[in-house]
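In: just the structure for this:
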Amino acid sequence: MTSKATSETKLSDESRVSQLEKILKEQAERAEKERTELMAMLKQQADLLNKLTAAGNASGNPTTIMPVLSPEEILANTIHAKLGDFNYDPEAESTFDVWYRRYKSVLEEDGKLLPEEHKVRMLCRRLSDAVFKRLVEITSSNEPEKTKYADLIRILDETFGSKATLFSKRYEVMRMAIRSGEDLIGYLDKVNAACDRTDYSSMEIGQFKALVFVSGLKTPECEE
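Out: Here you go, the predicted model:
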């Protein structure tokens, strides 16, 4: 490659890097702007609630007295309403990894503006009594609400997640077959639910090839 071509390639690479840095900067600025606007809106709501509370206190009418909430608490309550309760029942495939996959976008995207302590409290409020009791035992002297969010997710996944490997669950899906007399719509629903639980969309081509290979080993010689 000539020195001119090398120079042009270098300039092209630098241009791409500069463009990427510009895009990342714009994204960061946009995210910060959205955060500022959202927190301002929530502050307005909180101020309104505070005024209503003050008015209720002044009038002495208990029907108009409302709790004072911060913008973060309002957002946390909004997100909390979108979440379902988590009850651990491995026989019914009600495990934490399935629950978390279902609500991950709510927790991570909608909740990205929440302080960590609010996310932890919000998550703990959605745990069943049995799960929360076990969580208290695991965290020993530490209260679950004081656990870091990432640590809490890890503990819940390790304790209440599916014990089967993702590969084995996908293998079982590949072996699914309609039963005699089974309704086609019902079978389709089972397939859709099973595929959603095993997150097929994240599979790499090498993993899929290995799965097809293993699923095809059905001769007596292979079974031995």
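
In: quick check: phi and psi at F86.
Out: Per-residue torsions, F86: phi -100, psi 120 (degrees, to the nearest 10).

In: wouldn't it be in contact with D129 here?
Out: No: with contact defined as CB atoms under 8 Å, F86 does not count as touching D129 (11.2 Å). For the C-beta atoms, the positions are set from N, CA and C on the backbone; glycine is no exception.

In: which residues of the protein fall in helices?
Out: Under the criterion DSSP state H, the chain carries helices at the ranges 3-59, 71-82, 96-105, 116-124, 129-138, 149-160, 166-174, 184-197, 205-215, 220-223.

In: thinking again about what came up before, who's more crowded, F86 and D129?
Out: F86 (21 against 8; other CB atoms under 10 Å).

In: now do the more buried one, the pLDDT please.
Out: Per-residue confidence for F86 comes out at a pLDDT of 93.

In: who touches it in this structure?
Out: 94, 96, 99, 126-128, 131, 160 (CB atoms under 8 Å, 6 or more residues apart in numbering).

In: which single one of those residues is nearest to I23?
Out: If you rank the contacts of F86 by distance to I23 using CB to CB, W99 comes first, at 34.5 Å.

In: number of nearby residues for that closest one?
Out: W99: 22 neighbours (other CB under 10 Å).

In: what sits closest to it if chain neighbours are left out?
Out: Sequence neighbours aside, F86 is the residue nearest to W99 in space, at 4.7 Å (criterion: CB to CB, 6 or more residues apart in numbering).
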